[in-house]
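**Student:** predicted model and sequence below, questions to follow.
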Amino acid sequence: MSEITKKIQEIAREILEKGEAEIVIGWEKGTFWYLSPPAFIDKPEDTQRLVWDEFCHNNLSKYLLDYKNHEGKVAIFVKGCDSRAFNRLLQDKQVDREKVVLIGIPCTGLKDQDKAKSLGPNGDIPKAQKCMECKYPTPLVYDYLIGGEEALNEVAATKEAPDFSDVKAVEEMTPDERYDFWTKQYDRCLRCYACRNVCPACSCRECIFDQTRIGWIGKANNSSENQFFALTRAMHVAGRCVECGECERACPMDIPIMLLNKKLIKDINELFGKYDAGIDPEGKLPLGHFDKNDPEEFM
Amino acid sequence: MSVKEIPQNWEPKILVFACNWCTYAGADLAGLSRLQYPPNIRILRVPCSGRVNPQFVIRAFQRGVDGVLVAGCHPGDCHYVTGNYFTRRRYLLMQRLLQYVGIDPERFQARWISGSEGPKFQQVVNQITEEIRAMGPNRKLRDAQ
Amino acid sequence: MKRVGVFICHCGSNIAAAVDCEKVAENAKSFPGVAFSTDYKYMCAEPGQDLIKKAIKEHKLDRIVVASCSPRMHEPTFRRCIESGGLNPYLLEMANIREHCSWVHPDDKERATFKATELVRMAVAKVLKNEPLDKSTIPITKRALVIGGGIAGIQAALDIANAGHIVDVVEKEPSIGGRMAQIDKTFPTLDCSACILTPKMVEVANHPNVNLITYSEIEKVEGYVGNFDVTIRKKARSVDMKACTGCGTCYQKCPSKVPSEFEMEMMDRKAIYTPFPQAIPNKPVIDRENCRYFKTGKCGVCQKVCPTNAVDFTQEDELVTERYGAIVVATGFDLFDESVYGEYGYGKYKDVITGLHFERLINASGPTMGKIKRPSDGKIPKNVVFIKCVGSRDEVKGKAYCSKTCCMYTAKHATLVREKIKDSNVYVFYMDVRTPGKGYDEFYTRTTDQFGAKYIRGRVSKIYEKGDKLIVRGEDTLLGRPVEVEADMVVLATAMVAKSDAAKLAQMIGFSYDQNHFYTEAHPKLAPVETHTAGVYLAGACQGPKDIPDSVAQASAAAVKVCGLLSKEEMPTEPIISAVDEAICAGCGMCVPVCPYKAIDMKVIQERVHGKTISRKVATVNSGLCQGCGACTVACRSAALNLKHFTNEQILAEVDALCL
Amino acid sequence: MKYAYYPGCSLSSTGIEYDMSTKKVAKSLGIELWEIPEWNCCGASSAHLTDHLLALALPARNLAIAEAEGLDVAIPCAACYARCKATEVEVKNSQEMKKTISEVIEREYAGKTQARALLDVFVNDLGLDSISALVNKPLKDIKVASYYGCLLVRPPRLGFDDPEDPQSMDQLIKALGGTPVEWAFKTECCGAAHATTKSDVGFSMIEKILTAAKEAGADCIATACPLCMNNLDMRQSQVEAKFGKNYGLPVFYFTQLIGLALGLNPEELGVNKHFVNALGLVKKLLEAEGRRDTA
């Protein structure tokens, strides 16, 4: 890892020195050993703060939204999932490809932060769930690549495919069991909207959950409103979720948000044919087009 | 949910989102033809089934509706050419998502009913009303009130 | 405070028999915002409407709910009523307590009354959020475009031009005239096709209001009703239209021979050519693919012999953009690819031809000067077999539909063979004989009775060559016996199919077509010449197989629609359309592909953020195109798009009211 | 490539050379044929005229055995193929029939196993390129009239080729180095059993086919049906006598022609078992081959 850290620092320094970008967004070590929060570097000498380790979870693409009105270029590091998120923003017309320098990092998978916290630095910390199901560990779009083509091939070999066993387990419950399961989950929701705030598919200027004048949702924190939030958020990212798992990581109440997202991914694939979001920014979105031969169940 | 739990004098309340050009006209035709059905449905007129935001459906359950039907023109017959094809995609997904969070499949349904299908309108309303009556009041997703 | 007036109609006893209208009116008084509530026997009648108008004044009502029959019936009536009472017509909501209540729940007055009350409560909740809407107008460009210069296009252009409007006719080929120009005689009168077509061609060409744009194609169509911006590609003719006198010296001298499309390749034309002698404009074009000069750089004979120096090898395609108020699509048809029927040997046997070949064979200016001769050896055929429904009514190999014209033109052909070759035998294999048209069945009867064509009901199973004969084998299903005919020539009545590029044009303009690529009319009965796109009309066989009288009738119908549109300076637009809240719109563009009318575009707006001016993209709705379906509102996650009169707020209010 | 093999009764009697050549050729081309154990009659001609259920149940039993094995069935005889295909389609499209049939034959049959004509398997599964790659004695200068008969490519939509103007056997002949002749009698009825019961009708039908093949310039006829073979081959001399003609047209199963082109021994292919001398043509072919070799 330290070798990659060195390369990251070098390339970041070079980019800033050459003026290729005014800001480089990467990761640095945080308060705890198991956290590597994002770092916003604008001076070449600060690039030594940058690191790459198994805890560089934050999806940096989302931060580009903060630089929408920034005149100069911004450079960011992208893992496979960050690059899908970048494509997501590109497809949603939220970023300008010309204004971003992408530095790809082939990623062999990160470690579970929560487990790390409880097991300690010497424990055998397992991979994060999202990484165990990662179909795209290598960046799909980049201007520079850490480790070159070789690393790309090496990492590509580690790719996994989600088997949706967790989704299937929920599907196999009775309706009442399912309802109880989800009620228990969303009764914990604080409606802090952290899941929304980190999500690269959530790029609205004004989220409907903040639109009190229309009255989509009340401010009360109760099961009914929480469930409205859960279902609506899920439908809003349907066909658009890039599976970066940031929503679930950001959730302070450990709500299994990806379990909803993955259900929609599974259904979209079964109903409308194979589709992975954030792969082709020019393609059609599953809910943005239709096929006359879609399954007919409403006769 | 067992029959015992159904309160006395309870009547199901079912919301029907009907597109103006087909299903609303189909319901009008059922009326013109004097085809009787139980008075449990409330029709909400929208221009096209493609106007029905899934958030309206969840809201209805929150507020205490026992069942929701989204109905529009048959695929290929949409007054707005393609609206119902999007409806079909959206609600194929939405239906599965609702079931996934525990809503019984009978509670949310979607159907194509044309302006000439008065009898089909009657038959669909009869069927849904009976199904929901047998299940009792919906308590899922409801506001605590 | 909003003041809602509620009016419950008895509809005689239609509602009152099953719903306690007085009670509903009484209940409504307690609904939030209701300032006045009453019931009356007939709300739609004059006294009922007066009651509403009076109440608006007396009780200072600012929005109205009428609970009566279906809004599909009387919404316009009550909108007019409250408008004359001084309110904006869109401040009305209706509760349908007849079709959706009294008529379907006649036996349970208590519950029907309860339901009616709830329907009224929903309507009141909605009307409280209604906004006054105004019809706006869009200007109409007083110029029409006709695409296709066949008989349908010519007729439509003439009718529009005669009504005093300017019309451009765009034709792909070097001459107008279309399929009808290829046809020899027309059924059921047997008058010469050219004799009735060419005067119309001349008329349209000389009409002061008509502008012919031949050898040109539609490149791009933008805009909407009243304002279509159409880009036309004028293909390089290589001949200066102004200088050319049409003397014909060039094509007499041209050394490159090319099979003539017009003559169904039974005759040659030159590389510089007019498709047929009566072509309009009667000025040649150079077919560059086959021209020796363009292929080898050597030749230039035409240029040398041209007395007016009109030949110009350097001409290039020219793109022109023009604005039109309305478009008539009259692009015609193609013929089915008959080689699909291997057993009939089309393409294998020279003397198996199509009906259109036959038209040229029998035409006095055709390859045989009107003498019916077999293509293989030029002999006069004695036994001629006609096979109908080749490609039509055959779901397996061809098209499921009936091509409509084949029965009649086959009867015509049979008559002409018998007339021209006295000792001939004519056999017609048919599935059914369909002759619905004025004088059609009489014509068919003459074909069999007077001209002695032998009609055999049954399909042909195979055709094969035996010496210089074609053996046609089939079944006579009426006799239940196989039949075999030794024929000298076989004519296939091939199906009419849509133009191969029909779908492309429809997508470009933005209207729909069916599985056979025929253009879809807005309503099969009540709007047969309109498309779903306002301002675009259909004429002729591009909409479905049609004969000449039907094409001409439809063309005139389309012309009337165009004239109706162009007779106005501007047209009102329905105010129930989508609108974008630019402050909220993030410019993601999800709404664009779901709009069936291409009514949503992205535009750039400028705004000040933290003292800096920035520009960003937002969606914008074209009020001329938007039809108010609301599909975009659901595609928009942040509800930046909203549909007027069916807003999110209104629908949520209805849902909430239902559950109180 | 493995298929269940349903030879049917003709292939163990009058059509034995079809069976011999099929097995030989399949082996050479690398197709494994698993003969359905204890197969029964497909019921052709008699069953479907008398009892619909019986007509479906008979082939269903054979198909069910193959289905249990997870194999599609390759069927040489055109009549067996037609009956099996009819059964497959009807069972596949009717839950009710599926149930009834399974009860009658006391086996599960879901219509999953497909009935495939042997010609279809060779041309479309194995492919013409794979076959021509193995040809070492091309049928050079041999003009063949491909005769499909009435059942092989029918009914429309269910078949593997154009029902009126089929091409697959012609293409196969081309792949073998031969020349298919253009003729219009590819799917003409051979008269079936009429030659026996109403010989004047039957014989005139055979005469038409033989005359057409001769006039088209064919050296021989290729067929895919044992009954067609009977009529065209066994009855040929009778037809010649009756109509005063002289055809001398050898008739081959298409499998025999493949075998010859692959260089297999003609006798192992049963070429010596025909009524109209076919060995003569083979000899001519071999001699021509020899001349080319020495030249």
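**Tutor:** Cool, got the structure.

**Student:** chain D contacts on the stretch 401-550 of chain C?
**Tutor:** Contacts of the stretch 401-550 of chain C with chain D, taken as Cβ under 8 Å from any Cβ of the partner chain, map to C:461-464, C:466, C:471. C-beta here means a position set from N, CA and C on the backbone, and glycine is covered the same way.

**Student:** using pLDDT, spot the least trustworthy of those residues.
**Tutor:** Ranked by pLDDT, these bottom out at C:K466 (88).

**Student:** residues in contact with that one?
**Tutor:** C:486, D:215 (Cβ atoms under 8 Å, 6 or more residues apart in numbering or on different chains).

**Student:** if we go to 10 Å?
**Tutor:** By Cβ atoms under 10 Å, 6 or more residues apart in numbering or on different chains, the contact set of C:K466 is C:486, D:184, D:211-212, D:215.

**Student:** buried subset of the residues of the stretch 401-550 of chain C next to chain D?
**Tutor:** For these, a burial check counting by 16 or more other Cβ atoms under 10 Å in any protein chain shown picks out C:461-464, C:471.

**Student:** okay, those in a markdown table with distance to C:M508 and secondary structure next?
**Tutor:** Formatted as a markdown table, those follow (distance: Cβ to Cβ, whole Å; DSSP: H, G, I helix; E, B strand; the rest coil):
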| residue | distance to C:M508 | secondary structure |
| --- | --- | --- |
| C:S461 | 43 | strand |
| C:K462 | 43 | strand |
| C:I463 | 41 | strand |
| C:Y464 | 45 | strand |
| C:I471 | 48 | strand |
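
**Student:** point to the residue nearest the middle of the chain.
**Tutor:** This is for chain A. Centroid-nearest residue in chain A, with Cα atoms, centre = their mean: A:C244, separated by 2.9 Å.

**Student:** hmm, I had chain D in mind actually
**Tutor:** Centroid-nearest residue in chain D: D:A224, 1.8 Å away (criterion: Cα atoms, centre = their mean).

**Student:** related to what we said a few turns ago, separation between the residue nearest to the centre of chain A and D:A224?
**Tutor:** Look at A:C244 and D:A224: by Cβ to Cβ, to the nearest Å, they are 60 Å apart.

**Student:** now do the SS call for the nearest residue to B:Y91 once chain neighbours are set aside.
**Tutor:** Nearest residue to B:Y91, sequence neighbours excluded (Cβ to Cβ, 6 or more residues apart in numbering or on different chains): B:A110, at 4.6 Å. Assigned with DSSP: H, G, I helix; E, B strand; the rest coil, B:A110 falls in the strand class.

**Student:** B:A110 reaches B:G67, doesn't it?
**Tutor:** No - in this structure B:A110 lies outside contact range of B:G67 using Cβ atoms under 10 Å: 11.9 Å.

**Student:** neighbour count winner among the two?
**Tutor:** Using other Cβ atoms under 10 Å in any protein chain shown, the more surrounded residue of B:A110 and B:G67 is B:G67, with 26 against 23.

**Student:** list the buried residues for stretch C:183-199?
**Tutor:** Result for stretch C:183-199 [16+ other Cβ under 10 Å]: buried residues C:183-188, C:193-194, C:197-198.

**Student:** could these be laid out in CSV, adding secondary structure, pLDDT and distance to chain D?
**Tutor:** Formatted as CSV, these follow (DSSP: H, G, I helix; E, B strand; the rest coil; pLDDT from 0 to 100; distance: Cβ to the nearest Cβ, whole Å):
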residue, secondary structure, pLDDT, distance to chain D
C:I183, coil, 96, 30
C:D184, coil, 96, 31
C:K185, strand, 96, 33
C:T186, strand, 96, 33
C:F187, coil, 94, 30
C:P188, coil, 95, 33
C:S193, helix, 95, 34
C:A194, helix, 93, 38
C:L197, helix, 96, 38
C:T198, helix, 96, 42
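
**Student:** now, the most widely separated pair of these?
**Tutor:** C:P188 and C:T198 (20.7 Å; Cβ to Cβ).

**Student:** any chance you could map the strands in the chain?
**Tutor:** Just so you know, I chose chain A. Under the criterion DSSP state E, chain A carries strands at the ranges A:23-28, A:38-41, A:50-51, A:74-78, A:100-104, A:144-145.

**Student:** if you could check chain D rather than the one you did, that'd help
**Tutor:** With strands called from DSSP E, chain D shows them at D:2-5, D:32-35, D:73-75, D:115-117, D:143-146, D:179-180, D:220-223, D:251-253.

**Student:** can you pull the contacts of the residue of the stretch 151-295 of chain D found nearest chain A?
**Tutor:** Nearest residue of the stretch 151-295 of chain D to chain A: D:R157, at 19.4 Å (Cβ to the nearest Cβ). Contact analysis of D:R157 by Cβ under 10 Å, 6+ apart lists C:395-397, D:89, D:163.

**Student:** residue ranges with poor pLDDT in chain B?
**Tutor:** Chain B contains residues with pLDDT under 70 at B:1-5, B:144-145.

**Student:** make it 80
**Tutor:** Flagging of chain B using pLDDT under 80 yields the residue ranges B:1-7, B:144-145.

**Student:** which stretches of chain A aren't confidently modelled?
**Tutor:** Low-confidence segments of chain A (pLDDT under 80): A:1-2, A:148, A:156-162, A:219-220.

**Student:** mind listing what's buried in stretch D:205-225?
**Tutor:** Buried residues in stretch D:205-225 (16+ other Cβ under 10 Å): D:205-216, D:218-225.

**Student:** does chain C sit close to it?
**Tutor:** Yes - on the criterion Cβ under 10 Å from any Cβ of the partner chain, stretch D:205-225 is in touch with chain C at D:208, D:211-212, D:215-216.

**Student:** which helix or which strand is home to B:P75?
**Tutor:** For B:P75, there is no host helix or strand (DSSP states H and E).

**Student:** against A:Y275, how distant is it?
**Tutor:** Distance of B:P75 to A:Y275, given as Cβ to Cβ: 21 Å.

**Student:** more neighbours: the two, which one.
**Tutor:** A side-by-side neighbour count of B:P75 and A:Y275, using other Cβ under 10 Å, places B:P75 first with 19 against 16.

**Student:** show me what residue of the stretch 51-200 of chain D gets nearest to chain B.
**Tutor:** Using Cβ to the nearest Cβ, the single residue of the stretch 51-200 of chain D nearest to chain B is D:Q95, 22.8 Å away.

**Student:** now for that residue, how many residues are close by?
**Tutor:** Around D:Q95 there are 8 residues (other Cβ under 10 Å).

**Student:** name the nearest residue to D:T255, sequence neighbours excluded.
**Tutor:** Once flanking residues are discounted, D:T255 sits nearest to D:S21: 4.0 Å by Cβ to Cβ, 6+ apart.

**Student:** distance check, the residue in chain A sticking out farthest from the centre against A:G218.
**Tutor:** What lies farthest from the middle of chain A is A:M299; by Cα atoms, centre = their mean that is 37.9 Å. Going from A:M299 to A:G218 by Cβ to Cβ gives 37 Å.

**Student:** quick one, domains of chain C?
**Tutor:** Per automatic domain parsing, the domain ranges recorded for chain C read C:4-129, C:135-235+C:317-332+C:499-570, C:236-315, C:334-496, C:578-644.

**Student:** and the ones you listed as a markdown table, adding distance to B:V57?
**Tutor:** As requested, the domains of chain C are exported to a markdown table (distance: least, Cβ to Cβ, whole Å):
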| stretch | distance to B:V57 |
| --- | --- |
| domain C:4-129 | 16 |
| domain C:135-235+C:317-332+C:499-570 | 28 |
| domain C:236-315 | 58 |
| domain C:334-496 | 39 |
| domain C:578-644 | 11 |
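
**Student:** mind putting the residues of stretch D:205-225 next to chain C in TSV, pLDDT and distance to chain B included?
**Tutor:** Output for the residues of stretch D:205-225 next to chain C, formatted as TSV (pLDDT from 0 to 100; distance: Cβ to the nearest Cβ, whole Å):
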residue	pLDDT	distance to chain B
D:K208	93	49
D:T211	95	53
D:A212	93	48
D:E215	92	52
D:A216	92	49
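
**Student:** look up phi and psi at the residue nearest the centre of chain B.
**Tutor:** For chain B, the residue nearest the mean C-alpha position is B:L69 (1.0 Å; Cα atoms, centre = their mean). When read as degrees, to the nearest 10, the backbone of B:L69 gives phi -120, psi 130.
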